Structure formats: C-alpha cells, structure tokens
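In: Mind looking at a prediction? Sequence and model below.
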Amino acid sequence: MKKLRILVVLPLYGGSLPIGRYVASALRAEGHLVEVFEAPEFNSAYDSLKDLKVTTDRLDYLQNSFLNVVSQSVLAKVETFEPDLVFAMAQAPLNHQALKRLKRDGVTTCMWFVEDFRLFTYWKSFAPFYDVFAIIQKEPFISELAAIGQPNAIYLPLAAQPDFHKPIDLTSVEQRKFGSDISFMGAGYPNRRIAFRELVNHDFKIWGTEWDGDHVLEPLVQMKGARVTPEECVKIFNASKINLNLHSSIQADELVTYGDFINPRTFELAACGAFQLVDKRQLMPEAFEDDELATFDSIEELSEKINYFLSNPNECEAVIQKAQTRVLSEHTYQKRMKTLLEFTAERIEGWPQQNDPAESFSVDYPPELAAEIQQRIGSLGLPENVSFTDLVWAVRQQQGSLSELDTAILFLDEWQKLYAKRA
Amino acid sequence: MKHYLVIQLARFGDLIQTKRLLASLCAKEGAFVHLCVDASLESLARLVYPDVTVHPIAAHGTGLHGTEAINAMLVDNRRAFVELKAIDFDTIYNLNFSPLNFRLAALFNPDRVEGYSWNNGQEIVGLWPTMAMRWSDQRRIGINLVDFWAGYCPDMIKPEDVNPIAEPKGGGIGVVLAGRESRRSLPLDILSQITSTVVSSHKADTVYLLGGNAEIAAGQSVLKQLPSSVQGKVENLAGKTSWDDLVEIVGSLDMLITPDTGTMHLAAHLGTPVSAFFLSSAWCFETGPYGVGHTVYQAITECLPCLETQACNYDLKCLNCFSDPSFQRFLVTGKPEHAPKNLLTFASDFDDLGQTYIPIAGNDPDAGQRMKFREFIRQYLMGNGGAVSDLDSLFAQRIYRDRDWITQPEPGSTLGL
C-alpha cells in the first residue's frame, strides 16, 4: 500500500485516548504521515463550563457550541492536511455536521469503536456516518451495524504497543512501590469489588480509580485511588508476580461474565512479559492458544491458581514466553492498522486515491544538499523516497523555531505554489 | 547593541515605503538594522539604505525555472537563512502577508516577530496588521503605508524627518510610462498630452521617459504622440536604466510625472517633486508620495478606490477627469475653477501621525471622517489621548475584536504600546 496521510482524531479524555496515541505511533512506524488532532487540549475548557452554575438549557447550549468549535477545528485541519483517511478513536469530537461535511467532501473516515457496544450505545447515532467502523466485538454487533446502514464493519481486537509495553528494569524503590504478589490495575466495577474480597489475605495491591466506599478493599488501594498513567501501568505489570485481569462488569451477581471482547490489558501484560491470570472470554480462542495464557472461569479457580502459581514461579515463565511471542507476532497496533487499512482499501472504491502526477511535485535536490536532505528525511522518520509534499508537512509538524534547511524547504514549497505551478 | 531585522519581500515601491520604519530603527541608540529583500532589489536596497545591512534571498518568481529555481530556493536561500539565524535579533518586523513571509518567520522565536509569524506550524497574524485588514473596507480614510509600517515601531521618527522637502533639481522632467498594475496607469495618449502640457508650461529642456523593458514600446508611442517641438527634448530611457542610473536621474529632476509607482516613491525619497496621477485602485491616502512638496491628482468617482483584481463595470470612468480638455488647462493655471469634475488635487503635507494631503482644488468629502480616524489611530499608536470624537466608538467596534483583549495575545499582538 502507498504511504498515506492520516489524521488521527483523539478523544477529549478516557480509555480510548492512550489507544489513539498507540495508533498514531503504529501508523508512523508503518511509514505513513500522521497528524494528530489533540482533543485533550480542549478538555479543561469544556470542563470549566460545568462550573458555571447556570441554567441547564444555557449549559447545554454552551457545551454544544463548544463541541461544535472543536469539530470545526478538526475540519479545518482536514482542509489543510488533506488526509487520505480521518481515523477517529471512540468518543472523538466529530459531530454529525462535521461527519456529513467530510462525506460531502469525499474524505474517507473510519472510527475504531473500542467500547462494549451493549453498554455504550451511542454508536447507533454515529456509525452510519463513517465509511469504515472497526469494533472489538463480533456478532450480533456486525449485523446490527449493517441494519442501521454501516456495511463496512470490521472486527479489530485491541492490541499492544511493543515499544511501550515491554519488559523494563525497575529500581529497588520502584520495585517496592509497584511490586506485590498479586495486583490489579483497573477501575472498581461491581464484579471486581466482590471478587477481590476473597483475596485480601494475600500481598495484594489494587491500582486505579473508583474504589472508594469499599471498606474491605480500600486499604489495598494504592495512591489513594488516583488515575494511573500508562507509564505507571507498565511498571506495575513488570513489578507484580501475578497480575489479575478480570474483565469489567456492571453486574455484581455474575463475577466472571464470559463476555466476548478481550480488553487491552490482556495484550499489554503479555507484551510486557508479565504474568497474568485472566478470565476466559468468548473471543479469546482465536487470539491465544490455551497454553499461551493462564485463565480462570470462576473466582474459586482464580483463588486456586493464585496459590498454585505463587508456589510454582517456573510455571509462570513458560506461559509468559508463549504469550509474549504470540502478541509480538500477531497482536500489535501496527498489525491492527495494517489490517484496517487493507480492509478500507478493499471496501472503499478508489481508496486510497492515487496522486495526480500533475499535482505531485518532485524535486531533484541540489547535489551539495542531497546528503543533508536525505539525513533530514531519515531524522524525521520518513521513507527515503518520501514525496516533497509529505516532507513539507513533516517539517511543518516540528515545534519551535526551525533550522535553516527546514525553513528553506517550507519556503521552496510556498514559492512553488506561488510561481512555478502557476506558470 | 541590538539587532533589528525588517523582512520586506514585496516590490520596488514597497521597499522604498519601508523607509520610515527602517529610519526609526536606525535612530535607536546602539541599533544595527538589517533588511531582508528579494535578490532582484538587493542593489537598490543598498543604494537607498546605505546604513542598513541587506540580506538578499530568492523570493520573487521572475526568471527562475526548474533546477535553477530549486538551487536558488534551497542552496542560496539556505545560505542566507544561516546568516539570519546566526544573528540574535531583538525584534523581527515581518511586513508582508504572504506564505513566503510566514515560512521565513519559522527561523525565529515567534515572540520576537512582529507582523506575520510562525508558531509551531501555525501561521499567526499580529494585531497591528489584523487591525489594518479590519479597516481595509474603509480605504478612503486609511493611512499611508509608510506610516502603517512605521507603526510597528513605537518610537517612530517624525514624518518630516523621513524624506527631504521636495525641490526642483534642475535636471528636467521625468515621465514614468506605466506602473505594475496597468489600470492604475494613464493611457498613453492622455499621458502624452499631459507630458506635452507640463513640458511647455515649465519650459523644460529635457524630458526622460522612464520604465522597464516592458515599457520600451510605450516610450516609443508616447514619443510619437508628442508635438515635434517637444520630441527633440525627449530621451526614451525605458529598459535602459540600472538602479544606479535610475537613482541618479530621478534625483536630478525638476519634476516626475507618474502614476502610483516605485519610481514615484524613489523620487519622494530623493526629494524630487512628484506630480502623481491616482486613479482606479490607487488611492493617495494609502500609497501617495511621502514628504512635502508633491502634488497628487486623485480621481474621485464614487466607485473609487476599486480593486485591481476585480473587473471594472463602469467603463473606467475614473479616467474621464484626466481626458477632459479642462484638465490640460488646469495643469497650466492650477486654478481650482479650471479643475475638471471628479478630480481632487492635493498638496502633500503632514500631521502628527504622518503623511496627509491638503486639497488645493476640489472638495474632499471624506476629510472630516479621515481626520477623526487618524486621531483614533494616533491615540492607539502613541498612547496620548486627545478628545474622544463622535466616531471613536464606531471605529473601535470596527477595528477591535473582543478576542484582542479577552484572550492571551498571540506573539507580536501587543495591544497598544
């Protein structure tokens, strides 16, 4: 596939935000020119509207107006960057009006809906407006999408980012802070609260938010239940002997739900070379062989396996190796993006558009600068045969005042637009 | 010791009109002033601004193609950029609203750039040029470009210290054949008539026709249309003058007859009296000759000033005042009652803000409003308040926007001084 220009639209906040950053990084690693819409930078301004103490209709108006501005900002970026694909993460701030406009302008769009479609039903409103809709569940979601006018749904499970989710050496201080026999990193959903009460006799640390009000577990909650950064997650994964991975459920009566999708933690822990005990999922068999993960399907089994693996650390090592090998070969964001782009090319006629030779401008760089320009292309992480247009955009992404060479490249581009092409 | 850089990538006339800004910077104690221009104007810039360090770059489109162009853009420009980057400029005045200027600004910390800057890949327009864009629909009351550019510098020199008072130099009459924008120039038959009348009434012995290569044929045509008594005094120099020649000739003249051109600004710079013809998109209050001692003939039909980029739907009626037979008579007598309709004749003059023009024939319907606007701008630039006029609130609403003071200013967007 040709190298694409892709605009990744991040959400304002939330769980899909780090995934969006991994996506951008993976797409860059695949050689595409990626521009990121940094929606989180708008979030504090949006939040401040909620502190106004105004009537609800006013607040509603202000919030809609604000999100409209954010949406328009995405459109303005599309206009300037001219991407082959607008890649929106779940909860990306693109309203209906903006999506219609993109469709009208022939801009190909996709959303990666990394949410549980049964809990987060807003997909019914937005899904038909995207050209491609990637999801982490299969049936009946795919049929339901087709029924509301989204025929291009693709199952795209979550993954790991190997240059981030990796084994790391911890200092003794970090080991003490983040380490324990067993740990859990995640929010305090009802099923987890009940399940983990059985484990309080262990050296057990709980990390993450929404654990307050639970007198039994509260003493185990670390950092006073503060949000854990992705960097800290990797340290916890690496420092814990056993990482518990119990998929969330809002039901308290069924602790292990045997749900369909696989959470990102499963892939991230494996890539980190960390040992995990994970509850069985319907979609797990096609992602992992039985011996590649240590699983449980009841809390009793979880308890037994904790005791077993704490007493038999060598057993953990074998599983770790297999899980890591599988994830690194098949479950990386880079692989996912490749799959998604191939699917898009298959489903969307004429995509990606081939460059109009009249529009693309190739430059025979002056011999005295050729080596330096090639070096610059390399340092920008671009392929050697990068088009001049993409080189210009990559330079434009640089922060701060620019070097003489970068400035000369930008200057040449604008000069071409003003004079050479016109001529 | 402070270094200042002025980036002026536009044309001949714009280069000369940057003078008040450059002179104001040069007047600062311990100032080293630098000027970045298109390479085609390098020698002129050195002639006109001998106290300024000139940095030529390739910015214009003329004469460059293919490999040659890429070499100029990448190799030559990069060399120039290395020089510019190596100097610790206190302030960079980036004067032109052009993508090239924005890109060039990428070399510098945007906090030090006035005008048009570049901040992490985003083009940023400063407050002063933004304000100018906001008043661009009020061109009849606008201010002179020389003063506008000087407005970037809080302590600009007095307007009377910019150019010498214009006085005849004894070297005859110069006639500029055409400007860059054709509609702003007089048709050759009218120009020939005017030339003939002025030469006769001034009893001039020598007449130089001035222009570039593109005006050689125009020069020949004007020559043919002149009476034989005048023809013998005329030398057609179109396409024959270097910048040195032009400076020498224009600096020696008794008078320069011209539309709104770079040569007109050069004459004002040299203190040579100008008789300028303004019509179409040319409006003397924006780009008229700078200094005292110049005369401007400004067409004043209700459609003026128009935009050169838009077709004229009025059959170029702004030309009528110049083709009216009474105009030739008026040129000789200078009596207001002889002036044709739709013509305003001005003598150049100054007020506190800068260049202005006083009517010597005809009625200037915008004078009152213009005076109030100038006071409004003067207060903005100089910070010393006069009485509030009945139009101040209206001007403020047109020229300021809420975001100018509500939000954190962009680099170079200082509100007031």
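Out: Perfect, I can see it now. Numbers count the residues shown, from 1 in each chain, chains lettered A, B, ... in the order given.

In: Sheet partners, orientation included, of whatever helix or strand B:Tyr208 lives in?
Out: Following DSSP states H and E, the helix or strand that holds B:Tyr208 is strand B:207-210. Its sheet considered, strand B:207-210 pairs with strand B:173-176 (parallel), strand B:234-236 (parallel) by DSSP bridges.

In: how deep is the residue in the stretch 51-200 of chain A that chain B sits nearest to tucked in, by neighbour count?
Out: Nearest to chain B in the stretch 51-200 of chain A, going by C-beta to the nearest C-beta, is A:Thr80, at a distance of 9.6 Å. From N, CA and C alone the C-beta is placed, and that goes for glycine too. Neighbour count for A:Thr80, taken as other C-beta atoms under 10 Å in any protein chain shown: 14.

In: Give me the next element, helix or strand, following the helix or strand harbouring it.
Out: Using DSSP H and E, A:Thr80 maps to helix A:56-81. Stepping forward along the backbone from helix A:56-81, the first helix or strand reached (DSSP H and E) is strand A:85-89.

In: just the CA coordinates of that following strand, formatted as PDB?
Out: Output in PDB follows, covering the C-alpha atoms of strand A:85-89 (Å, rounded to 0.1, in the frame of the first residue of the first chain):
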ATOM      1  CA  LEU A  85      -8.000   9.000   6.000                       C
ATOM      2  CA  VAL A  86      -9.500  10.600   9.100                       C
ATOM      3  CA  PHE A  87      -9.100   8.000  11.800                       C
ATOM      4  CA  ALA A  88     -11.300   8.800  14.800                       C
ATOM      5  CA  MET A  89     -11.000   7.000  18.100                       C
END
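
In: The next helix or strand after that strand to strand A:85-89, inter-axis angle?
Out: Proceeding N to C from strand A:85-89, the next assigned helix or strand is helix A:96-104, under DSSP H and E. Angle, helix A:96-104 to strand A:85-89, by axes from the mean of the first three to the mean of the last three C-alpha atoms, to 10 degrees: 150 degrees.

In: can you list contacts of helix A:96-104?
Out: A:68, A:71-72, A:74-75, A:78, A:86, A:94, A:109, A:125-126, A:129-131 (C-beta atoms under 8 Å, 6 or more residues apart in numbering or on different chains).

In: least trustworthy position among these, going by pLDDT?
Out: Among the contacts of helix A:96-104, A:Ser125 has the lowest pLDDT, at 88.

In: So B:Pro359: helix, strand or coil?
Out: Secondary structure for B:Pro359, judged by DSSP: H, G, I helix; E, B strand; the rest coil, is strand.

In: Kindly report the domain assignment for chain A.
Out: Here the domain parsing of chain A from automatic domain parsing is A:5-159+A:333-347, A:172-330, A:367-420.

In: first vs last residue of the shortest one, how far apart are they?
Out: Meaning domain A:367-420. Terminal residues of domain A:367-420 are spaced 21 Å apart (C-alpha to C-alpha, to the nearest Å).

In: just checking, A:Ser248 touches A:Gly186?
Out: Yes: with contact defined as C-beta atoms under 8 Å, A:Ser248 counts as touching A:Gly186 (6.9 Å).

In: how would you label the residue in chain B that chain A sits nearest to: helix, strand or coil?
Out: Nearest residue of chain B to chain A: B:Gly61, at 3.1 Å (C-beta to the nearest C-beta). Of the three states, B:Gly61 takes coil under three-state DSSP.

In: Disregarding flanking residues, what is the spatial nearest neighbour of B:Cys318?
Out: B:Ala299 (4.0 Å; C-beta to C-beta, 6 or more residues apart in numbering or on different chains).

In: ok, what's across the strand from the one you found?
Out: Bridge pairing for B:Ala299 - DSSP bridges - gives B:Leu343.

In: That one - how many residues pack around it?
Out: Other residues lying near B:Ala299 total 24 when counted by other C-beta under 10 Å.

In: who touches it in this structure?
Out: Contacts of B:Ala299 (C-beta under 8 Å, 6+ apart): B:Phe278, B:Leu279, B:Ser280, B:Cys318, B:Leu319, B:Cys321, B:Phe322, B:Asn342, B:Leu343.

In: Export those to CSV and append columns for secondary structure, pLDDT and neighbour count.
Out: Putting these into CSV (DSSP: H, G, I helix; E, B strand; the rest coil; pLDDT from 0 to 100; neighbours: other C-beta atoms under 10 Å in any protein chain shown) gives the following:
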residue, secondary structure, pLDDT, neighbour count
B:Phe278, strand, 96, 28
B:Leu279, coil, 95, 29
B:Ser280, coil, 93, 24
B:Cys318, helix, 94, 26
B:Leu319, helix, 93, 20
B:Cys321, helix, 95, 24
B:Phe322, helix, 95, 21
B:Asn342, coil, 94, 20
B:Leu343, strand, 96, 23
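
In: which one among those residues gets closest to A:Cys316?
Out: A:Cys316 has its nearest neighbour among those in B:Ser280, at 85.4 Å by C-beta to C-beta.

In: quick one, what contacts the closest residue to that closest one other than its chain neighbours?
Out: Once flanking residues are discounted, B:Ser280 sits nearest to B:Arg183: 4.5 Å by C-beta to C-beta, 6+ apart. Contact partners of B:Arg183, counting by C-beta under 8 Å, 6+ apart, are B:Ser280, B:Ser281, B:Glu308, B:Cys312, B:Leu316.

In: Quickly note the distance from the first one to B:Lys341.
Out: Taking C-beta to C-beta, to the nearest Å as the measure, B:Ser280 and B:Lys341 are separated by 17 Å.

In: Distance-wise, check whichever residue of the stretch 251-400 of chain A sits closest to chain B relative to A:Glu404.
Out: Distances between the stretch 251-400 of chain A and chain B by C-beta to the nearest C-beta are smallest at A:Arg396, namely 4.4 Å. Computed as C-beta to C-beta, the A:Arg396 to A:Glu404 distance reads 16 Å.
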